[in-house]
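J.: Next one to model:
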Amino acid sequence: MKELPENLRGVDWSRTTFAGARREQLRRWAELPLDRVIASLEEMAAMSDQWRPSDPGADATRNRTA
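T.: Next comes the predicted model:
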């Protein structure tokens, strides 16, 4: 078997799967202090409000299945 290059030897390959990436994301989120978590949630809510369509019926039309 071919040996890994030097720059890849220290890689934790368990983090390269979808499940591993999700675990790492949750681990990092859990390390944040509460005030940073609240600030982040408020920022995400504000961004969500900006991206929401201005037409109230747009969501119903877009999400309708044929």
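
J.: can you list contacts of the helix or strand hosting E24?
T.: E24 belongs to helix 18-31 when assigned by DSSP states H and E. Helix 18-31 has contacts (C-beta atoms under 8 Å, 6 or more residues apart in numbering) with 14-15, 37. Backbone N, C-alpha and C define where each C-beta goes, glycine included.

J.: again, only using 10 Å
T.: 12-17, 36-37, 40 (C-beta atoms under 10 Å, 6 or more residues apart in numbering).

J.: right, and the helix or strand after that helix?
T.: Taking DSSP H and E, what comes next after helix 18-31 is helix 34-51.

J.: Buried residues of the helix holding E24, list them for me.
T.: For helix 18-31, the buried set under the neighbour-count rule, 16 or more other C-beta atoms under 10 Å, is empty.

J.: Would you point out which residue is most central in this structure?
T.: Q25 (7.1 Å; C-alpha atoms, centre = their mean).

J.: Pull up the gap between it and A19, please.
T.: Separation of Q25 from A19 (C-beta to C-beta, to the nearest Å): 11 Å.

J.: Would you mind measuring from R23 to V11?
T.: 16 Å.

J.: hmm, I was thinking of R27
T.: Counting by C-beta to C-beta, the gap from R27 to V11 is 17 Å.

J.: that older thread, can I get the helix holding E24 in PDB? Just the C-alpha atoms.
T.: Output of helix 18-31 as PDB, limited to C-alpha atoms (Å, rounded to 0.1, in the frame of the first residue of the first chain):
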ATOM      1  CA  PHE A  18     -21.300  13.400   6.500                       C
ATOM      2  CA  ALA A  19     -21.800  12.000  10.000                       C
ATOM      3  CA  GLY A  20     -18.300  12.900  11.100                       C
ATOM      4  CA  ALA A  21     -18.700  16.400   9.800                       C
ATOM      5  CA  ARG A  22     -22.000  16.800  11.600                       C
ATOM      6  CA  ARG A  23     -20.500  15.500  14.900                       C
ATOM      7  CA  GLU A  24     -17.600  17.900  14.600                       C
ATOM      8  CA  GLN A  25     -20.100  20.800  13.900                       C
ATOM      9  CA  LEU A  26     -22.100  19.900  17.000                       C
ATOM     10  CA  ARG A  27     -18.900  19.500  19.100                       C
ATOM     11  CA  ARG A  28     -17.700  23.000  18.100                       C
ATOM     12  CA  TRP A  29     -21.200  24.500  18.600                       C
ATOM     13  CA  ALA A  30     -21.300  23.000  22.100                       C
ATOM     14  CA  GLU A  31     -17.900  24.600  23.000                       C
END
